[in-house]
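> predicted coordinates and the sequence they were generated for:
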Amino acid sequence: MDRIRIRGGNPLNGTIPISGAKNAALPLMISSLLTDDQLTLENVPHLADVEQLIRILTNHGVDYTVAGKRAGQSTASGRTIHFSARNIVDTVAPYELVSKMRASFWVIGPLLARMGRAKVSLPGGCAIGTRPVDLFIDGLRKLGATIEIEGGYAIADAKGGLVGDRFVFPKVSVGATHVLMMAASLAKGETVLENAAREPEVVDLANCLNAMGARIEGAGTATITITGVSQLSGARHAVLPDRIETGTYAMAVAMAGGAVTLTNTRSALLDTALGALKDAGASIRDTPEGIHVTRNGGGIQPVDVVTDPFPGFPTDLQAQFMGLMTRANGTSHITETIFENRFMHVQELARLGAKISLSGQTAKVEGVPVLKGAPVMATDLRASVSLVIAGLVAEGETEVHRVYHLDRGFERLEEKLTACGADIDRISS
Ligand SMILES: CC(=O)N[C@H]1[C@@H](OP(=O)(O)OP(=O)(O)OC[C@H]2O[C@@H](n3ccc(=O)[nH]c3=O)[C@H](O)[C@@H]2O)O[C@H](CO)[C@@H](O)[C@@H]1O
Ligand SMILES: C=C(OP(=O)(O)O)C(=O)O
């Protein structure tokens, strides 16, 4: 199993190209199931989750081709992938495939809308929480589907077609918003989603669906109105920049010091997180290329954050921010409100000398003047990169084990950090 070795102490200086967002690419790829025409996605990141979803889509009968790079295109550019779901040969998403990645459950929406049936394995829990699928099921039932849970599968049927309705989310869910938006695009009549997720990835999916001929209004607000159409066509769409990767590298610079330009991204995708970073002592400004982040000289100030749905502080940056706060000049409080168990990084950061105590959903982080390298274990995607951030300043050597978590969501991480002067490499064994 691969591991990542970091020798701490180097500042970061240079340029880091930001990839396409994993959390936009996954629903966009799934939307290819809605049409028998070709959907072309540009700026698709090269990630383990994308490869796993390709396996799942292929199992349903989706053909795909990956376009080669053009002359002059840098290696940092994402791939262009053509998806074609002309013939859906199987409406079953089996346990072996779905259990590896939660978002694969989302195929239930397009399969049901286009084929009138779907049998999809329940995704199960994961390290960060139980993550039930009740909102998906309630929402799809509201659109007229019958859904039974049997043998670990959601067995869904809508032979006469889905019919638009009003659905009020009792809790904000990104995935359920994606799924209901996709399903309602091919339903008869109008669907109104209230208390919908407002994340930029929801807007990106809505833009792509509209380019395919869907009629969606209000994405990015809490009320989304979808007027169903009888069929969708192909389209070409570029995946949104990854705001979580953007925030992660901005936090790495704030931790290690230095000056880095994050290119192919924009600050409007993560205002709240960048605001917290400024409060912590980083200087951040927009440039024509992207975002310039510096921290020279001054120390890291303690900042309290509470995770919240967009536009709040993202839960997917909570671990990284905690990594940064371990070296602050004082005590900060970090409260996680989205997932009930997203503090697995606390015990691993403690191995590096961090002083963190937990009380319910709040972590109290007492900044320490020095972290010391140690072997640590990645427990989930964002937890693993918080250990990398801490490793960038830890004295001596930090080895992060179980790097496969990191590979789910960070494209060429060692390469991007090495290019800015970090002493980091991957050891394959
Ligand atoms: C692939 C992807 O885009 N993943 C992101 C997506 O996950 P995902 O879409 O799974 O997250 P949700 O927004 O659905 O989850 C938010 C909360 O709602 C709960 N819930 C959700 C659905 C449901 O049917 N019932 C229920 O109770 C969840 O357990 C969680 O406590 O949004 C999360 C919240 O921003 C991010 O951390 C993930 O990185
Ligand atoms: C929790 C995440 O992903 P997923 O929803 O795919 O588990 C994440 O991207 O941080």
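Great, that's in hand. Ligands and ions are numbered 1, 2, ... in the order given.
> please count neighbours and contacts with C-alpha atoms only from this point.
Fine.
> looking at the protein, which residue is nearest ligand 2?
Nearest residue of the chain to ligand 2 (C-alpha to the nearest ligand atom) works out as D316 at 4.7 Å.
> ramachandran angles for R285?
Phi and psi for R285, reported as degrees, to the nearest 10, are phi -140, psi 150.
> which residue is the nearest non-sequential neighbour of it?
Residue nearest to R285 in three dimensions, not counting chain neighbours: H292, with 5.3 Å by C-alpha to C-alpha, 6 or more residues apart in numbering.
> tell me the helices and strands packed up against the host helix or strand of that neighbour.
Secondary structure from DSSP states H and E places H292 in strand 290-295. Strand 290-295 sits against helix 243-256, strand 258-263, strand 283-286, with contacts defined as 3 or more C-alpha pairs under 8 Å, 6 or more residues apart in numbering; DSSP states H and E.
> okay, those, which one's buried deepest?
The highest mean neighbour count among the helices and strands packed on strand 290-295, using mean count of other C-alpha atoms under 10 Å, belongs to helix 243-256: a mean of 27.
> so how far is that one off the chain centroid?
Distance, stretch centre to chain centre, for helix 243-256: 15 Å (C-alpha atoms, centre = their mean, to the nearest Å).
> hmm, it touching ligand 1?
No: Helix 243-256 lies out of reach of ligand 1 by C-alpha under 6 Å from any ligand atom, never closer than 8.8 Å.
> what angle do that helix and strand 290-295 make?
30 degrees (axes from the mean of the first three to the mean of the last three C-alpha atoms, to 10 degrees).
> about what we covered before: next, format the helices and strands packed on strand 290-295 as a markdown table and append distance to E201 and mean pLDDT.
Supplementary listing: these in a markdown table, determined by distance: least, C-alpha to C-alpha, whole Å; pLDDT from 0 to 100:
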| stretch | distance to E201 | mean pLDDT |
| --- | --- | --- |
| helix 243-256 | 10 | 98 |
| strand 258-263 | 19 | 98 |
| strand 283-286 | 21 | 98 |
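> just checking, R295 touches M251?
No: using C-alpha atoms under 8 Å, R295 makes no contact with M251, being 10.1 Å away.
> which residues do those two both contact?
In terms of C-alpha atoms under 8 Å, 6 or more residues apart in numbering, R295 and M251 are not both contacted by any residue.
> on that earlier part again, and the helices and strands packed on strand 290-295: which comes nearest F321?
Minimum separation from F321 across the helices and strands packed on strand 290-295 (C-alpha to C-alpha) falls at helix 243-256, 6.8 Å.
> other SSEs contacting that closest one?
Applying 3+ C-alpha pairs under 8 Å, 6+ apart, we find helix 243-256 packed against strand 258-263, helix 271-279, strand 290-295, helix 318-325, helix 381-391.
> what would the ones you listed look like in TSV with distance to ligand 1?
Converted to TSV, those look like this (distance: least, C-alpha to the nearest ligand atom, whole Å):
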stretch	distance to ligand 1
strand 258-263	21
helix 271-279	13
strand 290-295	22
helix 318-325	10
helix 381-391	9
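> show me this protein divided up by domain.
3-19+241-427, 22-238 (automatic domain parsing).
> ends of the last one, how far apart?
For domain 22-238, the separation between the terminal residues is 12 Å (C-alpha to C-alpha, to the nearest Å).
> same check, this time on stretch 201-219
10 Å.
> likewise stretch 264-282?
End residues of stretch 264-282 are separated by 20 Å (C-alpha to C-alpha).
> so what touches that stretch?
17-19, 200, 241-243, 246-247, 251, 254, 284, 286, 289-291, 293-295, 298-303, 305, 311-314, 317.
> what of stretch 240-252?
Taking C-alpha under 8 Å, 6+ apart as the rule, stretch 240-252 contacts 18-25, 43, 201, 204, 262, 264-266, 269-270, 273-274, 277, 293, 316-317, 320-321, 324, 385, 389, 392, 410.
> one more: stretch 42-55?
19-22, 25-26, 29, 77-81, 97, 100-101, 104, 236-240, 407-411.
> partner residues bridging the residue nearest to R285?
Note on H292: beta-bridge partners by DSSP bridges are T261, R285.
> just to check, it is in contact with V253?
No: contact criterion C-alpha under 8 Å: H292 and V253 do not qualify, at 10.1 Å.
> residues contacting R382?
Per C-alpha under 8 Å, 6+ apart, neighbours of R382: 316-317, 319-320, 406.
> er, I427 actually
2-5.
> tell me how many other residues surround the nearest residue to T307 once chain neighbours are set aside.
Excluding its sequence neighbours, the residue lying closest to T307 (C-alpha to C-alpha, 6+ apart) is F313, at 4.7 Å. For F313, the count of nearby residues is 21 (other C-alpha atoms under 10 Å).
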